[in-house]
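Novice: predicted model and sequence below, questions to follow.
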Amino acid sequence: MATVELHGIRKSYAGGVIALDGVDLTVGDGENVAILGPSGSGKSTLLRIVAGLEDQDAGSVRFSGVDQDGVAPHERDAAIVFQHFALYPHLTARENITLGLRHGLGLSKQEAAARATDIARRMQVEALLERKPKEMSGGQRQRIALARALARKSGIVLLDEPLSGLDAQLHAVLRLEIASLLRSIGATGINVTHDQLDAMAMADRIAVINHGRLEQVGTPDELYAAPASLFVASFIGTPPMNLLDVDDAGGHSAFGSVRGSASSVAGQLTVGVRPEHLRLDPDPSAWCLSGRVALVEPTGADRVVQVVTPSGAAVAFRSSLDRTPRIGETVTVGAAAGDVHVYSRGSGLRLGDAMSSGLSVQATSVVAA
Ligand SMILES: Nc1ncnc2c1ncn2[C@@H]1O[C@H](COP(=O)(O)OP(=O)(O)OP(=O)(O)O)[C@@H](O)[C@H]1O
């Protein structure tokens, strides 16, 4: 059993940099949570605080209910795998794995060897055990680094961008392997990444961090279906959600009109719709927009098409292979009201979708290009 509870974690650095600004997060036993955010958002700082490699200015870290204040990193029930993992170059893979078990955990030579063999079998790297790091590929070395961390059988496994630097194919294979390994050993995982696809593929829940604050914590499906803020909306989804400001005067966007029931909300709104929710030649009741096709990008399975409206707003939609518009063609695309997200521009927070009560919303007529 291992849980991680973070309460009110704050951390500043010299020069006034606020790296973490009050982070609360609970990771359940056996759960795998991804901390997802852009460069400089505070991800590594948070992980280092959980590992005990850095002290927080305020707040608490608890493992299974026990405050970790004053507990040294090697005494914590956590194994950490860094982005730039370091295997000892003069030792074989087997020796790299057993070294920490013998000296760190105090296991006997036989016990350590048995554990190394067991984890190597599970990770399908038995054939590499007698090789030195320079005799392995980058992906193989990364697997051995993971095996070394997992062999400790810590209740908590902390991963700091463990897949960066690997080629795209290996990256995709390894992230699924890591996720299934963590599940099979029942470890509680915290995994730091700037890659939304890694977070989506590996995690039970994702915590999106921006400027040292968690903006939303939820399952991958929850984050995709209802991004709680403009930041999350623009960060989750490829291509990202189309975001159109509703102009202050009339409450109109190129796309539809929205007014909040509260006057404080009216006139400061942004509407968002995902490219995959926009359809060509839509139902007249849909939220519609027309414009000229500026770019067509084949993905293999479909096309990502960029449309520019007469007012200069650009939106992307996905078109099926059987109806690909040509560059320069005027098209109309539309989305159902339930797929149109409405955000307050002031707070950046999601108010609801275009069917929500409390918002006076409607699709406007199509503007000819
Ligand atoms: N030792 C330090 N001294 C001063 N500032 C620091 C230190 N470590 C981190 N920072 C700053 O704290 C903020 C958060 O850094 P952190 O490394 O946690 O971000 P990150 O999300 O992990 O970024 P990346 O994805 O680029 O690794 C950044 O503004 C960074 O410049």
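Specialist: Nice, thanks for sending it over. Residues are numbered from 1 along each chain as shown.
Novice: show me which residues of the stretch 1-150 of the chain sit near the ligand.
Specialist: Counting by CB under 6 Å from any ligand atom, the residues of the stretch 1-150 of the chain close to the ligand are Tyr13, Val17, Ala19, Gly37, Ser39, Gly40, Ser41, Gly42, Lys43, Ser44, Thr45. Every residue, glycine included, has its C-beta placed from N, CA and C.
Novice: state the pair within the residues you listed that is farthest apart.
Specialist: Tyr13 and Gly37 (17.0 Å; CB to CB).
Novice: give me the more crowded residue out of the two.
Specialist: Each of Tyr13 and Gly37 has its neighbours counted (other CB atoms under 10 Å); Gly37 has more, 26 against 10.
Novice: beta partners of the residue nearest to the more buried one when sequence neighbours are not counted?
Specialist: Spatial nearest neighbour of Gly37, chain neighbours left out: Ile209 (3.7 Å); criterion: CB to CB, 6 or more residues apart in numbering. Taking DSSP bridges as the rule, Ile209 bridges to Leu214.
Novice: wait, Ile209 touches Thr45, no?
Specialist: No: counting by CB atoms under 8 Å, Thr45 is not a contact partner of Ile209; they are 9.9 Å apart.
Novice: which of those two has more neighbours?
Specialist: Ile209 (26 against 23).
Novice: and the more buried one, what is it in contact with?
Specialist: In this structure, Ile209 makes contact with Val23, Ile35, Leu36, Gly37, Ser41, Gly42, Lys43, Leu46, Glu215, judged by CB atoms under 8 Å, 6 or more residues apart in numbering.
Novice: for stretch 175-190, give the mean pLDDT please.
Specialist: The average pLDDT for stretch 175-190 rounds to 88.
Novice: for this structure, which spans come out with low pLDDT?
Specialist: Along the chain, the parts satisfying pLDDT under 70 run over 84-85, 248-252, 256-267, 357-369.
Novice: where do the helices sit along it?
Specialist: Along the chain, counting by DSSP state H, helices occupy 43-51, 93-99, 109-122, 138-150, 168-185, 196-202, 220-225, 230-235.
Novice: these two touch, right, Met241 and His341?
Specialist: Yes: using CB under 8 Å, Met241 is in contact with His341, at 7.2 Å.
Novice: now the common contact residues for these two.
Specialist: With CB under 8 Å, 6+ apart, Met241 and His341 have common neighbours Pro227, Ala233, Gly272, Val273.
Novice: returning to that earlier point: now for the helices of the chain, which one comes closest to Met1?
Specialist: Closest to Met1 of the helices of the chain is helix 168-185 (CB to CB; 13.4 Å).
Novice: quick one, that closest one and helix 138-150 angle?
Specialist: 20 degrees (axes from the mean of the first three to the mean of the last three CA atoms, to 10 degrees).
Novice: can you count the residues close to the closest residue to Thr332 other than its chain neighbours?
Specialist: Closest residue to Thr332 apart from its sequence neighbours, by CB to CB, 6+ apart: Ser290 at 4.2 Å. Neighbours of Ser290 under the rule other CB under 10 Å: 18.
Novice: isn't Ser290 up against Thr330?
Specialist: Yes: contact status for Ser290 versus Thr330: in contact at 6.3 Å, counting by CB under 8 Å.
Novice: now stretch 91-109: buried residues?
Specialist: Thr92, Ala93, Arg94, Glu95, Asn96, Ile97, Thr98, Gly100, Leu101, Leu107 (16 or more other CB atoms under 10 Å).
Novice: let me redo that: stretch 70-86
Specialist: Across stretch 70-86, burial judged by 16+ other CB under 10 Å covers Arg76, Asp77, Ala78, Ala79, Ile80, Val81, Phe82, Phe85.
Novice: what lies in contact with that stretch?
Specialist: Against stretch 70-86 from outside (CB under 8 Å, 6+ apart): 2, 47, 50-53, 63-64, 68, 104, 141-142, 145-146, 149-150, 152, 154-162, 164-165.
Novice: can you tell me which of those are buried?
Specialist: Judged by 16+ other CB under 10 Å, buried ones among the contacts of stretch 70-86: 2, 47, 50-52, 63, 68, 141-142, 145-146, 149-150, 152, 154-162.
Novice: among the helices of the chain, which is nearest Gly300?
Specialist: Ranking the helices of the chain by proximity to Gly300 (CB to CB) places helix 168-185 first, at 14.0 Å.
Novice: mind giving me the packing neighbours of the closest one?
Specialist: strand 32-36, helix 109-122, helix 138-150, helix 196-202 (3 or more CB pairs under 8 Å, 6 or more residues apart in numbering; DSSP states H and E).
Novice: go again using 10 Å as the cut-off
Specialist: strand 32-36, helix 109-122, helix 138-150, strand 156-160, strand 188-193, helix 196-202 (3 or more CB pairs under 10 Å, 6 or more residues apart in numbering; DSSP states H and E).
Novice: list the pairing partners of the first one within its sheet, with orientation.
Specialist: Put plainly, it is strand 32-36. Partners of strand 32-36 in its sheet, by DSSP bridges: strand 188-193 (parallel), strand 205-210 (parallel).
Novice: just the buried residues of it, please?
Specialist: Going by 16+ other CB under 10 Å, strand 32-36 has these buried residues: Asn32, Val33, Ala34, Ile35, Leu36.
Novice: repeat that for stretch 321-337.
Specialist: Applying 16+ other CB under 10 Å to stretch 321-337 flags Pro325, Val331, Thr332, Val333, Gly334, Ala335, Ala336, Ala337 as buried.
Novice: got it, and stretch 343-358?
Specialist: Counting neighbours by 16+ other CB under 10 Å, stretch 343-358 gives Tyr343, Ser344, Arg345, Gly348, Arg350, Leu351, Gly352, Asp353, Ala354, Ser356 as buried.
Novice: I am finished for the moment; much appreciated.
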